[in-house]
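**Q** this is a predicted model, with the sequence first.
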Amino acid sequence: MPTLFHHEVNAYRTELNLISDRYKEISKVGMVDNLTHAMFGVSNRANLMVVGMCGLVEAYLFERTKNTGSQIRLSDVRGQGLSRLTLFLSRLGVIDFGRLKSWDRFKSVYVLRNSIVHSYGGMVVGEPDERLIEHLSKLDLLTVLVGGRRIRVGPTALTIILNIVDDLLTELGAYEKSSTVRVPPRRKLKMARQRRQR
C-alpha cells in the first residue's frame with residue numbers, strides 16, 4: 001500500500017514530465033514570442049518544486065517527532081526548520097543521519113531551497129553566495145545559478161533533485177506503511193527502563 005509520501009513523489013514525477021515537455025516545446029525556434037518569459041515561467045515552476053520537495057522531507061521528519069516515547073518535545077528544542085528536526089531526532093536516537101547515504105546531498109539541495117525562498121523565489125540572489133556555489137558544485141548543478149545571481153532550475157537539475165529526495169525518503173522508510181511509529185531497539189529498552197523507574 002503506497003504511503004502519502006510515495007504518492008507525493010509520484011505527483012512530482014508527473015509534474016517534472018510536464019515541465020520537461022514544456023521545456024522542449026519552447027526551446028524550438030519560433031515556438032514562443034519571448035523565450036526569456038517562457039523559460040522564466042518553466043523555471044519558476046521548477047523552483048517551486050524544489051521548495052515543495054524539501055517540504056515533503058520536512059513533513060516526514062516532523063511526523064517522526066511524534067510518538068517517540070520521550071518526555072522531550074520538539075518545542076523544547078531551539079532552532080527552526082530542518083536543523084531543529086534533525087537535532088531532535090538524532091538526540092533521541094530516532095534517526096542516525098550520519099548513516100543515510102543521501103543525507104549530505106539532500107542538505108545541499110536544502111541550501112538551494114533556502115536560496116530560492118530567501119531570494120524572491122530565486123529571481124535575484126543578492127550577491128553570488130559562496131555557500132550556495134559550494135553546494136551546487138557538490139551536486140554538479142552549477143548551471144542552475146545563472147550569472148551568479150539568478151536561480152534557474154531546469155528539467156535535468158530537477159530530475160537529479162527529485163532522485164535525491166526519493167532516495168532519502170526510501171532510506172528513511174517513508175514508503176513503509178508503519179514508518180512513523182518505528183522506534184529503534186535501543187530506544188525501546190531505554191523507554192522501558194524509564195517506565196519502570198516511574
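**A** The structure has been received and is ready for your questions.
**Q** just the element for the residue nearest the centre of the chain, please.
**A** The C-alpha lying nearest the average C-alpha coordinate of the chain belongs to residue 54 (C-alpha atoms, centre = their mean; 2.4 Å). Residue 54 belongs to helix 35-64 when elements are defined using DSSP states H and E.
**Q** and whichever helix or strand comes after that helix, what does it pack onto?
**A** Moving toward the C-terminus from helix 35-64, the first helix or strand encountered (DSSP H and E) is helix 81-91. With contacts taken as 3 or more C-beta pairs under 8 Å, 6 or more residues apart in numbering; DSSP states H and E, helix 81-91 sits against helix 35-64. Placement of C-beta: from N, CA and C, glycine included.
**Q** what angle separates the helix it packs on from helix 81-91?
**A** In this structure, helix 35-64 runs at an angle of 30 degrees to helix 81-91, with axes from the mean of the first three to the mean of the last three C-alpha atoms, to 10 degrees as the basis.
**Q** so for helix 35-64, mean pLDDT?
**A** Taken as a whole, helix 35-64 carries a mean pLDDT of 87.
**Q** lowest mean pLDDT among the helices and strands, pick that one out for this protein.
**A** In the chain, no helix or strand scores lower on mean pLDDT, DSSP states H and E than helix 185-197, which sits at a mean of 49.
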